[in-house]
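Enquirer: Pasting a predicted model and its sequence here:
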Amino acid sequence: QVQLAESGGGLVQVGGSLRLSCAASGRTFSRFAMGWFRQAPGKEREFVARISWSNSPSYAQPVKGRFTISRDNAKNTVYLQMNSLKPEDTAVYYCAADGTPYGSSFTRDYDYWGQGTQVTVSS
């Protein structure tokens, strides 16, 4: 079992920045690819970013160049640095753990999920 807990969400103005954190406990964190997803009201949960065992990142097109995913295996934590935020980034953000080396862009491939943290971008 892996327990995930997100933090760092909040209210920010357009163009601002936030850094989300996801702390993991339980099984060996370094053996999981980690992902960030988001879900806006009335919409399906969508892929945002993922990072492999070997720290190789991948991003969804809408956030490429603005968001950065990183991990600190010593702290069992994955981060999502979000810059140049837009109103369409407003959503609940979830981190997830996938027991394969590279991770996936699909929710169905992730084994463990956090409870989510709200990000609201005001215009």
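Expert: Perfect, I can see it now.
Enquirer: residue contacts, the nearest residue to D89 once chain neighbours are set aside?
Expert: Nearest residue to D89 in three dimensions, chain neighbours excluded: V121, at 5.2 Å (CB to CB, 6 or more residues apart in numbering). C-beta coordinates here come from the backbone N, C-alpha and C atoms, glycine included. Each residue near V121 by CB atoms under 8 Å, 6 or more residues apart in numbering is listed here: 12-14, 16, 85-90.
Enquirer: try K43
Expert: Contacts of K43 (CB under 8 Å, 6+ apart): A91.
Enquirer: again, but for the one 4 residues further on
Expert: Under the criterion of CB under 8 Å, 6+ apart, the contact partners of F47 comprise 35, 37, 60, 105-107.
Enquirer: Report the buried residues of the strand or helix carrying V119.
Expert: Using DSSP states H and E, V119 falls within strand 117-122. In terms of neighbour count (16 or more other CB atoms under 10 Å), strand 117-122 has its buried residues at 117, 119, 121.
Enquirer: which of those lies closest to Y94?
Expert: T117 (8.1 Å; CB to CB).
Enquirer: That closest one against S7, yeah?
Expert: Yes: with contact defined as CB atoms under 8 Å, T117 reaches S7; the gap is 6.2 Å.
Enquirer: Please produce CSV containing the buried residues of strand 117-122, extended by distance to K75.
Expert: Formatted as CSV, those follow (distance: CB to CB, whole Å):
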residue, distance to K75
T117, 18
V119, 22
V121, 27
